[in-house]
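Q: Return a 3D structure for these sequence lines:
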Amino acid sequence: MISSGWDILRLASSYRQAKILLAANEVGLFDAFARGPLTTEEAGQATSLNPRALEIVLPALVALGLLQKEGELFSLAPISKAHLLKNSEHPLQDILKHTNDTVKSWANLEHTLVTGKPKEGEFLGGDLTAIERFVRAMDDVARLVAKEVADAIEWEGAESILDLGGGPGTYALAFKEKRPSMRVTLFDLPRTLKVTRRILEEKGGARLVDIVEGDCAEDDFLGPYDLVWVSHLFHARPKPWVEHVLQKIHAALRPKGRVIIQDYVLEQDKTRPLDACLFSVHMLAVTQEGRCYSFEEYATMLARTGFKEASLKPDVGKGTGLLVARKS
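A: Sure, this is the predicted structure:
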């Protein structure tokens, strides 16, 4: 709650904390402490980072709760061990790198407020390195919530599922683990699937998922399927594109088949929840036509494309919701 001038100033400077974390992750600073505590000098030798910069930044990381200090030795806080190392149990390095990639777009938000378009264009474009960073970032995020999401889905009658725009395959593997007898198909762009195949191989899941290459706005989804899963795809596109893809999903489903959409969903007046509002601005900053939609907007688009019984399971997957509808 913003209730004073000081609150406004704290909000205005909150980027500082984020950028310290993002920069430290980008240069591999946390990995330098993977083997144990280091002095400032030893950290400089391990990373080749500037000594003066480390004298200032290491204490700031302690203040943020990401490092600990005892005497002259700095070490990783437990939360950093859990998430900020290459071999962490639940690593977040890739999503932090992706977040850092989008900082320039946010820094140019004034331009976007005037023009309605990102100054830098689509942040991914054709950059294959950025695409790999993005796909692996989506794996980081999905890995945190995939089990929760799989547990929230009603699986009865689902013998085949299409993971549309499935990216890293995180949900595809989670669904296969939840229902081993189910046939799981992942559909995505060829450039994305180059990364997907590597991730599936790394996880030992390459033989568990069928892969189909294509553009979801243009190519056949094959099928038919009992269920189509769409995670964080529609927020990057305008309504006509979303409705077009929903029509294709409808055609790919068996009678009474279901579509499940995972996304940030706004309330009807679009002022809540905060996470969805912020993510909608993120789409403004990094895409040409993206934004978050309300449940009412989704329900209308689903009805227009032949679906019925639209419902929302809110707060499934750390701030996102699951929209469920059935083929009529």
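
Q: any idea of the mean pLDDT in the helix ranked longest in the chain?
A: Criterion DSSP state H: the longest helix present in the chain is helix 128-152. Over the span of helix 128-152, the pLDDT mean works out to 94.

Q: Residues contacting that helix, please?
A: The contact list for helix 128-152 (C-beta atoms under 8 Å, 6 or more residues apart in numbering) reads 90-95, 97-99, 101, 123-124, 167-171, 173-175, 177-178, 191-192, 195-196, 199, 231-232, 262, 313, 316-318, 320, 322. Placement of C-beta: from N, CA and C, glycine included.

Q: Among those residues, name the buried ones.
A: Neighbour-count burial (16 or more other C-beta atoms under 10 Å) is assigned, among those, to 91-95, 97-99, 101, 123-124, 167-171, 173-175, 178, 192, 195-196, 199, 231-232, 262, 313, 316-317, 320, 322.

Q: tell me the centre residue of this structure?
A: Central residue of the chain (C-alpha atoms, centre = their mean): M138, 4.3 Å from the mean position.

Q: so where's this protein uncertain?
A: 122-126 (pLDDT under 70).

Q: if we go to 80?
A: 120-127 (pLDDT under 80).

Q: which residues in it form helices?
A: 5-12, 15-26, 40-47, 51-63, 78-83, 93-101, 103-107, 109-115, 128-152, 170-178, 190-202, 239-252, 274-286, 295-304.

Q: Name the stretch among those that sits most buried.
A: helix 170-178 (a mean of 22; mean count of other C-beta atoms under 10 Å).

Q: For that one, give me every contacting residue.
A: By C-beta under 8 Å, 6+ apart, the list of residues contacting helix 170-178 reads 138-139, 142-143, 146-147, 149-151, 153, 155, 161, 163, 166, 182, 184, 186, 200, 203, 205, 208-209, 229, 231.

Q: Kindly report the same for stretch 196-204.
A: 135-136, 139, 166-169, 173, 186, 188, 206, 208-209, 211.
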